[in-house]
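>>> Sequence unavailable; structure follows:
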């Protein structure tokens with residue numbers, strides 16, 4: 001506890017918990033913490049017993065280190081250096097500051113942008129849940145070679161009452177009016193570094209592309225829009241089934 005308290009920043013919180021009824025380990029430890037560390041303020045404690053909670057009894061006490069409150073601050077990430085890392089059959093995109101952790105046995109680092117499919121590289125479902133995805137436009141135009149061939153163009157926003165939400169989560173193809181789609185970002189897919197966009201394509205052909213499907217502002221996943229239909233790209237393993 002002393003080491004944990006030493007690592008707290010001003011305004012930081014410390015939660016002390018046990019799984020015992022022992023007054024010595026609960027209130028006794030709480031009092032010793034306050035006596036030894038006057039820089040901490042006591043915010044409250046609570047007992048959870050087996051008859052009114054899950055488990056056989058727990059105790060929680062919460063402390064705050066005196067000083068300024070920790071608030072979320074907007075950080076300018078526009079100049080943050082980013083790197084690509086290929087692991088297994090996926091390409092991950094991550095800040096260069098995390099490179100020092102690559103020597104550790106990490107399951108993943110950054111966010112998966114591409115994954116290898118049956119016909120080549122495809123957008124990863126993980127990308128659809130990236131925070132501030134619209135700001136990724138520049139990154140998504142600098143993909144690794146031999147990458148995907150579809151443009152990420154649209155955002156489809158559905159209300160939770162819309163029956164198409166359940167249909168999408170079931171893995172079904174859904175009908176979409178062109179007017180329902182909003183411009184999102186454009187990432188020309190390249191093959192061997194060469195763009196496949198052509199000015200000779202018809203208007204209908206040029207309208208086709210990847211769309212992010214969302215429900216009440218919450219991203220669900222991707223779909224491929226073409227001729228009034230959204231082909232479902234929601235992963236089979238997590239599709240909702242009644």
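Sure thing, it's come through. Remember, it's a predicted structure, so these values are computed and weren't measured experimentally.

>>> Domain map for the protein?
When the chain is parsed with automatic domain parsing, its domains come out as 2-65, 82-238.

>>> Next, count neighbours for residue 210.
Counted with other CB atoms under 10 Å, the neighbours of residue 210 add up to 24. Every residue, glycine included, has its C-beta placed from N, CA and C.

>>> Residue 121: which element?
Counting by DSSP states H and E, the element that carries residue 121 is strand 120-123.

>>> Let me see the mean pLDDT of that strand.
Throughout strand 120-123, pLDDT has a mean value of 83.

>>> And for stretch 36-50?
Per-residue pLDDT values across stretch 36-50 average out to 90.

>>> start to end distance for that stretch?
Stretch 36-50 has an end-to-end distance of 32 Å (CA to CA, to the nearest Å).

>>> Give the buried residues for that stretch.
Across stretch 36-50, burial judged by 16 or more other CB atoms under 10 Å covers 37, 40, 48.

>>> circling back to that earlier point, return the most buried member of the domains of the chain.
domain 82-238 (a mean of 15; mean count of other CB atoms under 10 Å).

>>> Touching, residue 111 and residue 92? I think so.
Yes: in this structure, residue 111 is within contact of residue 92 by CB atoms under 8 Å, at 6.6 Å.

>>> Check the domains of the chain for me: which has the lowest mean pLDDT.
Across these, domain 82-238 has the smallest mean pLDDT, namely a mean of 79.

>>> starting at the chain centroid, how far to it?
From the chain centre to the centre of domain 82-238 is a distance of 14 Å (CA atoms, centre = their mean, to the nearest Å).

>>> now do the same end-to-end measure for it.
End-to-end distance for domain 82-238: 30 Å, by CA to CA.

>>> do stretch 9-26 as well
Using CA to CA, one end of stretch 9-26 lies 24 Å from the other.

>>> As a check, name the ranges of all helices in the chain.
With helices called from DSSP state H, the chain shows them at 2-6, 29-36, 163-169, 203-207.

>>> Which of the buried residues of stretch 36-50 fall in strands?
40, 48 (DSSP state E).

>>> what's the spacing between residue 220 and residue 166?
11 Å (CB to CB, to the nearest Å).

>>> Residue 31 too?
In this view, residue 31 and residue 166 are 54 Å apart by CB to CB.

>>> where's residue 16 relative to residue 5, distance?
10 Å.

>>> Between those two, which contacts overlap?
Contact criterion CB atoms under 8 Å, 6 or more residues apart in numbering; residues shared by residue 16 and residue 5: residue 33.

>>> Which of the helices of the chain sits closest to residue 127?
Proximity to residue 127 (CB to CB) singles out helix 163-169 among the helices of the chain, at 17.0 Å.

>>> can you list contacts of that closest one?
158-159, 174-175, 213, 215, 220-221, 223, 230, 232, 234, 239-240.

>>> Go through those residues and name the one nearest residue 83.
Of these, the one sitting nearest to residue 83 (CB to CB) turns out to be residue 221, at 25.5 Å.

>>> quick one: contacts for the nearest residue to that closest one once chain neighbours are set aside?
Nearest residue to residue 221, sequence neighbours excluded (CB to CB, 6 or more residues apart in numbering): residue 234, at 4.4 Å. Applying CB under 8 Å, 6+ apart, we find residue 234 in contact with 125, 168, 169, 171, 220, 221, 222, 223.

>>> ok, so what distance separates the last one from residue 209?
What that stands for is residue 223. The gap separating residue 223 from residue 209 is 10 Å, by CB to CB.

>>> Please apply the same query to the first one.
The spacing between residue 125 and residue 209, counted by CB to CB, is 17 Å.

>>> ok so, going back, distance to residue 84 added to the helices of the chain, as JSON lines?
As requested, the helices of the chain are exported to JSON lines (distance: least, CB to CB, whole Å):
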{"stretch": "helix 2-6", "distance to residue 84": "36"}
{"stretch": "helix 29-36", "distance to residue 84": "46"}
{"stretch": "helix 163-169", "distance to residue 84": "30"}
{"stretch": "helix 203-207", "distance to residue 84": "29"}
